[in-house]
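J.: need coordinates for the following:
(4 chains)
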Protein chains: 4
Amino acid sequence: MTVKVAVAGATGYAGGELLRLLLAHPEIEIGALTAASSAGSPLGQHQPHVAPLAERIVAETSPETLAGHDVVFLALPHGHSAEIAAKLGPDVLVVDLGADHRLADASDWQRWYGGDHAGTWPYGLPELPGAREKLRGAARIAVPGCFPTGGSLALAPAFAERLVRPDVTVVAVTGTSGAGKSLKPHLLGSEVMGSASAYGVGGAHRHTPEFAQNLGLVAGERVTVSFTPVLAPMPRGILTTASAPLRPGADLASVRAAYEKAYDAEPFVRLLPEGSWPTTAATVGSNNVQLQVAIDEGAGRLVVVAAIDNLTKGTAGGAVQSMNIALGLPETTGLPTVGVAP
Amino acid sequence: MTVKVAVAGATGYAGGELLRLLLAHPEIEIGALTAASSAGSPLGQHQPHVAPLAERIVAETSPETLAGHDVVFLALPHGHSAEIAAKLGPDVLVVDLGADHRLADASDWQRWYGGDHAGTWPYGLPELPGAREKLRGAARIAVPGCFPTGGSLALAPAFAERLVRPDVTVVAVTGTSGAGKSLKPHLLGSEVMGSASAYGVGGAHRHTPEFAQNLGLVAGERVTVSFTPVLAPMPRGILTTASAPLRPGADLASVRAAYEKAYDAEPFVRLLPEGSWPTTAATVGSNNVQLQVAIDEGAGRLVVVAAIDNLTKGTAGGAVQSMNIALGLPETTGLPTVGVAP
Amino acid sequence: MTVKVAVAGATGYAGGELLRLLLAHPEIEIGALTAASSAGSPLGQHQPHVAPLAERIVAETSPETLAGHDVVFLALPHGHSAEIAAKLGPDVLVVDLGADHRLADASDWQRWYGGDHAGTWPYGLPELPGAREKLRGAARIAVPGCFPTGGSLALAPAFAERLVRPDVTVVAVTGTSGAGKSLKPHLLGSEVMGSASAYGVGGAHRHTPEFAQNLGLVAGERVTVSFTPVLAPMPRGILTTASAPLRPGADLASVRAAYEKAYDAEPFVRLLPEGSWPTTAATVGSNNVQLQVAIDEGAGRLVVVAAIDNLTKGTAGGAVQSMNIALGLPETTGLPTVGVAP
Amino acid sequence: MTVKVAVAGATGYAGGELLRLLLAHPEIEIGALTAASSAGSPLGQHQPHVAPLAERIVAETSPETLAGHDVVFLALPHGHSAEIAAKLGPDVLVVDLGADHRLADASDWQRWYGGDHAGTWPYGLPELPGAREKLRGAARIAVPGCFPTGGSLALAPAFAERLVRPDVTVVAVTGTSGAGKSLKPHLLGSEVMGSASAYGVGGAHRHTPEFAQNLGLVAGERVTVSFTPVLAPMPRGILTTASAPLRPGADLASVRAAYEKAYDAEPFVRLLPEGSWPTTAATVGSNNVQLQVAIDEGAGRLVVVAAIDNLTKGTAGGAVQSMNIALGLPETTGLPTVGVAP
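T.: The predicted structure is shown next:
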């Protein structure tokens, strides 16, 4: 089986990571690479690490350049995918790494992003209850946001087994690549190195409703999420610290049992042995999720720590994993399970 | 006025920062520099950045070497200060940067540290209600832990004005110098760089009872604290993200008013203008605290972000500030109010 | 073809990188994993990023535990491989990542390492003139040092075409993983981050004779090398800056021609287009070498910049590449050619 | 004595460092703070670490806003200082942190910078032979480039004592703040962290003629300099590795004697004890220079390593030091001699 793939947004960080994974994927042939302002230049100027495609010329993103592929990945600013997908037709698998089709609630969309809601696509986080089934044979996939990937996997088992109350606090420490290549002063190396800073504080980050949607589906009730992202001096990785009040009777044994039940058969998610704690470095470049749980008896809370690579499992790896499912390929095909550490 | 000062633990990170500050303090004469295993070697081998004292030979820490000074700073592992202080006599100002005399509750001490409680000394966080008064003329000072410094200042005004309920979540992202110079594998540069990791999760960190003590005193009721420290790839700085459920009626105006009331006259603490957020880099090397507040309406929580330098305001700077108060010097003497950025 | 492989020194940085590569190698079955002090513990404690082998128990390094494999990789301190190799027998391919068998001159060995010279094995830098031939079918391979890998490839074509005089200056900026996991104060994260420092200055680094040997073989005359390594705050990567005086007539065209001639057919080495410069980040996790050349007319020197990942091409990747050649596999089998960036 | 000072370019990195130093200077009153595009906004938006001036409004850079001060610091892009200085009049001390007045040779200026040469001002590197005298009472000062500061001090004593031949190789590893706040893709944190890269290779960097000028003056003959800057993942610091061929008879004793003679009386320059090597971290935030020397007998070269903070001794600290001399103040007034480490 050879699957011909196009990547729109090939010059950004998500695009670069997609190309890294797709080049190692045995069933993939890489077709069009497209972008906006950098169209016409060789890919090597923008992705110097993607050596095998250095001389490929980047095309302009348009329905025409993206036509004729089996799979089209869209790594675009939000608001652009619906129109492109419509023109590509229903036989093409369209995998949207942007936000357009993640939220089910149109009013949520309007409040957080503005403009018309483009509709909801099958959600590309197969480890969530019920999600994998909707991805099989799908022609459209909405790849989750990087923060909701880590945070939802961190708490879903606890909600699935009704071990915690729906009042969640999430602080997620992220590397800078999540902010993309945009030239903003606070993203300069001089500003970032040696510094930690919070942003989108007080529920202002657009991933907040996505957390609530995912956990609410698992919990079967409305889940309140206080989410704070923190920018740390590292290029990749998200370390999520999530906590919620324990329901009566929940203890370490029942919590560990819940997580083992949820994840023991998952190829990419691993509850670490007791006493080991996740580090983002251990997941860098891999599609892995590392988890650990703790009971805070004094505060009466479950605390879960999750580590992922924001660009791999949090974006491009999750996209390839969902593509594999949609195409009927073994889910792990082409996806690294060993981190690049140290 | 010339104050003769000794520093025990002069070869560690806290000791080095103390020397940096004391060398710039106009009323200080630096006397004995002492340590344990590195006694007998020149200070420059251990503190290559303290150029003016590079040739000074480190003495062994003992009541004898520390005798004859007006002020003695103890930057030692916990469990050692009470005995030394007893031998130094009541006329010497002893400033303990360790944990021995921070906690008021002997059973807390026993639970978190083990062994006998050495007693409670005036607490060196002058910005807490009532703390400054107890420091004036004091002969003994317990310097706060670095995490409780940031976290207590982040939430004290909200509790003082009864704006939040006593159910606190704190996630604090810290640089590596807080862990000292101990040779542990996870503190190697290769492990630390490019990685974020949590530790002491689930209420296991020894600073947890100190948070609860400080906030409980301000709140006038028991405060529950879920505290998670996160190690980030930077040498210095703590970014504290603290949140608590809002009481009815609390809004951004009342919150800002509470923080302005608490801190407008403080020389080192600054509530940033709306729209600006703290960065640890902006406080590096200074005794400053940067704060910002947000109301998370969806989650019904107050979220406060605080940035400090863990070695300056969080340790050595806080110690010098409290020493100034105890000695009757202007509180800001010798303390930097400009960060070393970028 | 399934090749059964053992890794001695599986808990160190070189061992971890070997396992990452071998797990992605289609012809490899991973057998014994051995170490010294950490024998008996699960690999996951030492290599948390090598998820698929987390539960494997580390055995003790000995001829017995290493017996019964087709290939044995030795990532050991110098001085140990000869004895082990002797016991493994001539039918086993022994790939030594240590220094024992790199130098041809026994007096060089004695001067730089001390003790008896263990003999010289085929040198695992296939891109050097004549080296690939000696690796085909070899039963013993000496993997080059990480610095000589970058530095020799940086200058070999210029010497092969007699474009420069044999008076070389090399300054190589390296990440910290090259120093391994040893618990030394100057390798602590707090010391490393935000700092650059030189070491082994003045020709004191043990890789110096290896540079001279490699370049001398290509040049056909004695080559003098002034080599200075610089430790930079990054976990991986070596950026080599190498220069040598130009011979009369050498210009940019003849230099570029020499490098294109040497490397155009090489799968891992790439002379960048004019105007592009190597970055270590672009090679991280890959077996690639990025090169660029410049003529300094004012100084009359050729300046070459080379980027590699010290753990991949500089150690474990180079080892696998040479193993592929020795076993008659396609040289690129299992080796990444896309970096993990940003 | 109160000296009223204006800073043009107050929102850049050099300007921020100047303000940090000037606020700690006992004889200085800070007057106008000016900039170009950010005029009209509060300084705190651009320099969040300069807390005491956070509310000060930035004025537009013009002869009018800069008038009425005793000293005017110009931290501007090159090409702007001559005109402004002319309008300020001969009684004002103008300290130019830009390149305009560093080079003595107009044709050098034209070749490296283009446009008309604005003339040569007394050169603000007092530790060079003869430089301090020209600064006393001066009304105009050209602050050296950050690279020539470290590199010239590294080799000047060797040339002064005729210990080396005039064929110099300099590789200088620099933090990112030297590139300023300009929004260029390669300066993004995601690109910079974890990466080392060279630029201006082959004699293309504009500091090259300044090296040659400084060393040529000391040597009394033309000095050839091959200079390569390397960008490393740290905000501050320059580690210079400089080497030159030894003249017959030069050995470690004569070299150390030359450096001791040159620097023993200097308040900011320190030749480290044998066996200690400079680290940039030890100099961060201070006006110090750390030096160490080695003899490479195999290569016949002197190798010198120098560490400075590019923003302090390399820019703003050097400027204040020279201002002190020009005004007749003690040279060390207001200048930190302890680094901010770790």
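J.: quick one: the helices in the stretch 1-150 of chain A?
T.: A:13-23, A:63-66, A:81-88, A:106-112, A:131-135, A:146-160 (DSSP state H, counting those that start in this stretch).
J.: what mean pLDDT would you report for the first one?
T.: Averaged across helix A:13-23, the pLDDT comes to 98.
J.: whether it contacts chain D - can you check?
T.: Yes. For helix A:13-23, a contact with chain D is found by Cβ under 8 Å from any Cβ of the partner chain, at residue A:13. The C-beta positions use only the backbone N, C-alpha and C, and glycine is treated the same way.
J.: could you tell me the angle between that helix and helix A:146-160?
T.: 70 degrees (axes from the mean of the first three to the mean of the last three Cα atoms, to 10 degrees).
J.: test for you: state the pLDDT assigned to the residue in the stretch 101-250 of chain A positioned nearest to chain B.
T.: Nearest residue of the stretch 101-250 of chain A to chain B: residue A:202, at 2.9 Å (Cβ to the nearest Cβ). As summarised for this prediction, residue A:202 has a pLDDT of 93.
J.: could you do residue A:254 as well?
T.: 98.
J.: number of residues surrounding it?
T.: 15 (other Cβ atoms under 10 Å in any protein chain shown).
J.: wait, it sits on residue A:163?
T.: Yes. Judged on Cβ atoms under 8 Å, residue A:254 makes contact with residue A:163 at a distance of 6.2 Å.
J.: so what does the residue of the stretch 101-250 of chain A closest to chain B have for phi and psi?
T.: Per-residue torsions, residue A:202: phi 80, psi 30 (degrees, to the nearest 10).
J.: check contacts around it.
T.: For residue A:202, the contacting residues are B:294-297, B:303, by Cβ atoms under 8 Å, 6 or more residues apart in numbering or on different chains.
J.: skip the chain neighbours and tell me the closest residue to it.
T.: Leaving out its chain neighbours, the residue that sits closest to residue A:202 by Cβ to Cβ, 6 or more residues apart in numbering or on different chains is residue B:294, at 2.9 Å.
J.: and the next helix or strand past the helix or strand containing the one you found?
T.: Assigned by DSSP states H and E, residue B:294 belongs to strand B:289-296. Downstream of strand B:289-296, the first helix or strand assigned by DSSP H and E is strand B:301-308.
J.: ok, that following strand near chain A or not?
T.: Yes. Using Cβ under 8 Å from any Cβ, strand B:301-308 reaches chain A at B:301, B:303, B:305, B:307.
J.: residue A:167 bridge partners, please.
T.: Beta-bridge pairing of residue A:167 under DSSP bridges involves residue A:224.
J.: tally of neighbours for the residue in the stretch 1-150 of chain A that chain D sits nearest to?
T.: The minimum distance from the stretch 1-150 of chain A to chain D, using Cβ to the nearest Cβ, falls at residue A:13 (6.9 Å). The number of residues packed near residue A:13 is 25, by other Cβ under 10 Å.
J.: how much space separates residue A:202 from chain D?
T.: Distance of residue A:202 to chain D, computed by Cβ to the nearest Cβ, to the nearest Å: 20 Å.
J.: and that residue, how far from residue B:248?
T.: 18 Å (Cβ to Cβ, to the nearest Å).
J.: please list the residues of chain A that sit near chain D.
T.: A:13, A:175-177, A:179, A:181, A:183-185, A:187-194, A:233-235.
J.: can I have the buried ones of the residues you listed as a ChimeraX selection?
T.: Burial among the residues of chain A next to chain D is assessed by 16 or more other Cβ atoms under 10 Å in any protein chain shown; the matching ChimeraX selection reads:
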select /A:13,175,176,177,179,181,187,188,189,190,191,192,193,194,233,234,235
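J.: now, which of the residues of chain A next to chain D lie within helices?
T.: Members of the residues of chain A next to chain D lying in helices (criterion: DSSP state H): A:13, A:189-192.
J.: deepest-packed of the helices of the stretch 1-150 of chain A, please.
T.: helix A:146-160 (a mean of 28; mean count of other Cβ atoms under 10 Å in any protein chain shown).
J.: output that one as PDB - backbone C-alpha positions only.
T.: These are the backbone C-alpha positions of helix A:146-160, laid out as PDB (Å, rounded to 0.1, in the frame of the first residue of the first chain):
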ATOM      1  CA  CYS A 146      -1.200  20.000  22.200                       C
ATOM      2  CA  PHE A 147      -2.300  20.900  25.700                       C
ATOM      3  CA  PRO A 148      -5.600  19.000  25.700                       C
ATOM      4  CA  THR A 149      -3.700  15.900  24.500                       C
ATOM      5  CA  GLY A 150      -1.600  15.800  27.600                       C
ATOM      6  CA  GLY A 151      -4.300  17.100  30.000                       C
ATOM      7  CA  SER A 152      -7.100  14.900  28.800                       C
ATOM      8  CA  LEU A 153      -5.100  11.700  28.900                       C
ATOM      9  CA  ALA A 154      -3.900  12.700  32.400                       C
ATOM     10  CA  LEU A 155      -7.400  12.800  33.900                       C
ATOM     11  CA  ALA A 156      -9.700  10.700  31.600                       C
ATOM     12  CA  PRO A 157      -9.200   7.400  33.600                       C
ATOM     13  CA  ALA A 158     -10.000   9.100  36.900                       C
ATOM     14  CA  PHE A 159     -13.200  10.500  35.400                       C
ATOM     15  CA  ALA A 160     -14.100   7.300  33.700                       C
END
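J.: so that helix versus strand A:301-308, what angle?
T.: 140 degrees.
J.: so what's the gap between helix A:146-160 and the chain middle?
T.: The chain centroid and the centroid of helix A:146-160 are separated by 12 Å under Cα atoms, centre = their mean, to the nearest Å.
J.: so which elements touch it?
T.: Counting by 3 or more Cβ pairs under 8 Å, 6 or more residues apart in numbering or on different chains; DSSP states H and E, the packing neighbours recorded for helix A:146-160 are strand A:167-174, helix A:208-219, strand A:224-231, strand A:238-245, helix A:252-263, strand A:289-296, strand A:301-308.
J.: buried deepest among these, which one?
T.: strand A:301-308 (a mean of 30).
J.: can you give the strand pairings for that strand, parallel or anti for each?
T.: Strand A:301-308 has the following strand partners under DSSP bridges: strand A:238-245 (antiparallel), strand A:289-296 (antiparallel).
J.: let me have those strands in CSV, extended by mean pLDDT.
T.: Listed next are the strands paired with strand A:301-308 as CSV, based on pLDDT from 0 to 100:
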stretch, mean pLDDT
strand A:238-245, 98
strand A:289-296, 98
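J.: how about those strands, which one is nearest residue B:42?
T.: Across those, residue B:42 has its closest neighbour in strand A:238-245 (40.0 Å, Cβ to Cβ).
J.: could you dump that closest one to CSV, C-alpha only?
T.: Extracted in CSV, the C-alpha atoms of strand A:238-245 (Å, rounded to 0.1, in the frame of the first residue of the first chain):
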residue,chain,number,x,y,z
ILE,A,238,4.7,19.6,27.7
LEU,A,239,4.7,18.7,31.3
THR,A,240,1.1,18.7,32.5
THR,A,241,0.3,18.8,36.2
ALA,A,242,-3.4,18.1,36.6
SER,A,243,-5.4,17.8,39.9
ALA,A,244,-8.9,17.3,41.0
PRO,A,245,-10.6,16.6,44.3
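J.: how about whichever residue of the stretch 201-342 of chain A sits closest to chain D: what's its closest non-neighbour residue?
T.: Chain D sits closest to residue A:235 of the stretch 201-342 of chain A, with a gap of 4.9 Å, by Cβ to the nearest Cβ. Residue nearest to residue A:235 in three dimensions, not counting chain neighbours: residue C:342, with 4.5 Å by Cβ to Cβ, 6+ apart.
J.: that neighbour contacts residue A:237, doesn't it?
T.: No. The pair residue C:342 and residue A:237 does not pass the contact test of Cβ under 8 Å, sitting 11.5 Å apart.
J.: the more surrounded of those two?
T.: With neighbours defined as other Cβ under 10 Å, residue C:342 and residue A:237 compare such that residue A:237 has more, 32 against 27.
J.: how near is residue A:319 to residue D:29?
T.: Residue A:319 is 59 Å from residue D:29, by Cβ to Cβ.
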